[in-house]
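Trainee: Quick one: sequence and predicted model below, then my questions.
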Amino acid sequence: MAQPATALSAKIGLLNTQQDQKRTRTGVQFQRYFTARLEPGKTPYDEVAWETRTASIGNDKGAVIFEQRDVKVPADWSQTATNIVASKYFHGKLGTPERETSVAELVHRVVESSFFLDRSQTSRDYRRLGNPVADSLCALGHRNAAPIPQA
């Protein structure tokens, strides 16, 4: 038996209302913690003292097996940490413009790829919104010790 047109219209209207409510959700709001004192217009990277170094790894015979010049790392990192991060974790072919040259680039790439898994937001949205979670991840990214090398 067919439903009256008014009942069907009411159901369609209810579904449309529910869909509109789903679209207007803003999600969970987070308060800043690690970046609570961050001044407007600044990024977590501005809080770090940076130093430019050469990452170089040699073998037991003294031959250089990896070298990347002008690597920008936090000043309090060890040379070993610099060598490990530059040789193992920087993306891009060595010697090309696509190659990462800074720990800030590395941390930003990891945070963006982790944070925007659905790819509906862009890094431009992140910078415009000043997302406190992503900012906190960026702030923490350079504070911890360099990653332990994989065996």
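Mentor: Here it is on my side, so go on.
Trainee: Tell me what residue 73 is bridged to.
Mentor: Beta bridges link residue 73 to residue 51, judged by DSSP bridges.
Trainee: In this structure it contacts residue 54, no?
Mentor: No. If you go by C-beta atoms under 8 Å, residue 73 and residue 54 don't touch, sitting 10.7 Å apart. Quick note: C-beta positions are derived from backbone N, CA and C, even for glycine.
Trainee: and those two? which has more neighbours close in?
Mentor: residue 73 (24 against 13; other C-beta atoms under 10 Å).
Trainee: show me the contacts for the more buried one.
Mentor: 50-51, 53, 81-82, 85, 102-103 (C-beta atoms under 8 Å, 6 or more residues apart in numbering).
Trainee: got JSON lines for the residues you listed, with distance to residue 96 and pLDDT too?
Mentor: Below are these laid out as JSON lines (distance: C-beta to C-beta, whole Å; pLDDT from 0 to 100):
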{"residue": "50", "distance to residue 96": "22", "pLDDT": "92"}
{"residue": "51", "distance to residue 96": "23", "pLDDT": "95"}
{"residue": "53", "distance to residue 96": "20", "pLDDT": "97"}
{"residue": "81", "distance to residue 96": "24", "pLDDT": "93"}
{"residue": "82", "distance to residue 96": "20", "pLDDT": "95"}
{"residue": "85", "distance to residue 96": "18", "pLDDT": "94"}
{"residue": "102", "distance to residue 96": "15", "pLDDT": "93"}
{"residue": "103", "distance to residue 96": "19", "pLDDT": "91"}
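Trainee: Whichever of the residues you listed end up buried, select them in PyMOL.
Mentor: In PyMOL, this line selects whichever of these come out buried by 16 or more other C-beta atoms under 10 Å:
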select buried, resi 53+81+82+85+102+103
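Trainee: Restricted to helices, list the contacts of residue 73.
Mentor: 81-82, 85, 103 (DSSP state H).
Trainee: out of those residues, who's nearest residue 44?
Mentor: Set against residue 44, the nearest of the ones in helices among the contacts of residue 73 by C-beta to C-beta is residue 103 (11.9 Å).
Trainee: Check the gap between the closest one and residue 79 for me.
Mentor: Residue 103 sits 14 Å away from residue 79, going by C-beta to C-beta, to the nearest Å.
Trainee: Which stretches in this structure count as helices?
Mentor: 5-23, 79-88, 103-115, 123-129, 132-141.
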